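> Requesting a structural model of the entry that follows:
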Amino acid sequence: MILAVVVPSFKVRNHILAVVTDALQFVDRVYVVDDCCPERSGQLVEESFSDPRVTVLRHAENQGVGGAVVTGYRQAMADGCDIVIKMDGDGQMEAAQIPALIRPIVDGTADYAKGNRFFAIDYLRGMPTIRLLGNSTLSFVNKLASGYWNVMDPTNGFTAIHTEALRWLPLERLARRYFFESDMLFRLATIRAVVRDVPIPARYGDEVSSLRVGRVLLDFPLRYAAVFVKRFVYCYILRDLNVGTIESFAGMALLLFGLIFGAANWAKALATGMLTPSGTVMLASIAVILGVQFLLAAVSFDVNNVPDEPLHRRISSS
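Numbers count the residues shown, from 1 in each chain. This next block holds a predicted model:
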């Protein structure tokens with residue numbers, strides 16, 4: 001089994017050499033993707049390592065972390081690698097955790113494994129408060145959007161994937177920048193790949209995060225909404241019509257009817273000064289209550305519909 005690490009490299013000159021050195025202790029190949037780095041980190045790696053296991057790939061224009069990882073993924077597949085690990089170049093991720101990270105894939109229980117910094121309270125002590133709050137909120141939103149209700153810490157970039165699953169992903173459509181990790185989970189959901197969390201602490205030092213809170217608040221909600229709609233259409237209409245589909249449409253129809261019907265009669269009562277008949281109030285209320293119940297049932301179905309049979313095992317046995 002050939003293991004590879006992909007390291008996106010942009011403004012990480014102070015950390016990149018240590019990251020590559022540590023990774024080489026646990027994998028067969030390291031791909032450093034110089035994402036048009038102004039610090040020439042790719043050149044630094046080439047000058048510092050003569051090891052044939054280290055390959056530097058370059059972008060003529062900056063493509064973001066997603067674009068860099070996709071470049072590394074493509075090269076790793078072309079070189080016949082079996083499992084590809086993604087590590088950031090800022091030193092936050094410990095290479096010593098690679099064996100634990102890839103274990104679910106090696107054992108055949110997952111297609112994609114990702115670090116989870118929220119597993120233990122001790123893991124959170126070094127996490128900045130703003131990151132803790134932001135990641136907690138994003139985790140719930142991501143569960144709803146991607147359908148992976150068993151996954152926490154969606155923005156964690158310490159991941160590993162089996163190349164059999166990777167070949168089924170539309171790599172050209174993956175988000176190229178800071179939404180990459182969340183978009184990756186959505187794409188995995190469309191091929192029903194199995195995703196597992198692995199408890200792994202993060203290290204925080206003098207690195208500078210490129211993720212800005214304002215950007216997240218403005219951009220992420222729209223992206224997650226689009227992901228949710230696309231996943232629902234693909235998984236619950238185009239590929240499969242099931243109980244969850246019926247519950248979703250019935251819930252939305254009843255809820256909208258109850259809200260619109262109730263609001264219209266409330267406005268009429270205000271305009272005319274006449275009391276709304278109790279039967280009308282009950283009809284609107286029952287529609288809203290039933291609508292909410294159907295939607296909760298749809299969510300319950302979605303929770304129990306999380307993939308549990310790894311894609312690479314299904315392919316190898318067919």
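
> so P310 makes contact with G108?
Yes: assessed by CB atoms under 8 Å, P310 is found in contact with G108 at 6.2 Å. C-beta: built from backbone N, CA, C; applies to glycine.

> So for these two, which sits in the more crowded spot?
A direct count of neighbours by other CB atoms under 10 Å for P310 and G108 places P310 higher, at 25 against 13.

> What sits closest to the more buried one if chain neighbours are left out?
V194 (4.5 Å; CB to CB, 6 or more residues apart in numbering).

> Measure how buried that neighbour is and give me the count.
Applying other CB under 10 Å, we find 26 residues neighbouring V194.

> cool, S300 as well?
12.

> Could you look up the SS state of it?
helix (DSSP: H, G, I helix; E, B strand; the rest coil).

> how close does it sit to F294?
11 Å (CB to CB, to the nearest Å).

> For the chain, just list every one of the helices.
16-23, 41-48, 64-78, 98-106, 121-124, 129-146, 163-166, 180-190, 213-233, 243-272, 278-303, 311-317 (DSSP state H).

> Dump those helices to TSV, plus mean pLDDT and distance to T55.
TSV is the format used below for the helices of the chain (pLDDT from 0 to 100; distance: least, CB to CB, whole Å):
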stretch	mean pLDDT	distance to T55
helix 16-23	96	11
helix 41-48	94	9
helix 64-78	96	7
helix 98-106	96	18
helix 121-124	66	32
helix 129-146	80	31
helix 163-166	95	16
helix 180-190	93	21
helix 213-233	81	32
helix 243-272	95	44
helix 278-303	96	41
helix 311-317	74	24
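
> can you put those in a markdown table and add distance to D35?
What follows is those, written out as a markdown table (distance: least, CB to CB, whole Å):
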| stretch | distance to D35 |
| --- | --- |
| helix 16-23 | 12 |
| helix 41-48 | 9 |
| helix 64-78 | 4 |
| helix 98-106 | 22 |
| helix 121-124 | 28 |
| helix 129-146 | 22 |
| helix 163-166 | 20 |
| helix 180-190 | 12 |
| helix 213-233 | 18 |
| helix 243-272 | 40 |
| helix 278-303 | 36 |
| helix 311-317 | 29 |
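
> for these, which one sits closest to V6?
helix 64-78 (3.1 Å; CB to CB).

> for that closest one, which positions count as buried?
Using 16 or more other CB atoms under 10 Å as the test for burial, helix 64-78 gives 64-77.

> so what pLDDT did A160 get?
A160 carries a pLDDT value of 97.

> bridging residues for it?
Legend: beta-bridge partners of A160 under DSSP bridges are I85, A113.

> Hmm, it is touching D82, no?
No: shown here, A160 and D82 do not form a contact pair, counting by CB under 8 Å, at 10.5 Å.

> Looking at those two, which is more packed in?
A160 (27 against 18).

> residues contacting the more buried one?
I83, V84, I85, K86, I98, L101, I102, I105, Y112, A113, K114 (CB atoms under 8 Å, 6 or more residues apart in numbering).

> Kindly report the same for L290.
Neighbours of L290 in contact, by CB under 8 Å, 6+ apart: G251, L254, G258.

> please redo it, this time with the cut-off set to 6 Å
L254 (CB atoms under 6 Å, 6 or more residues apart in numbering).
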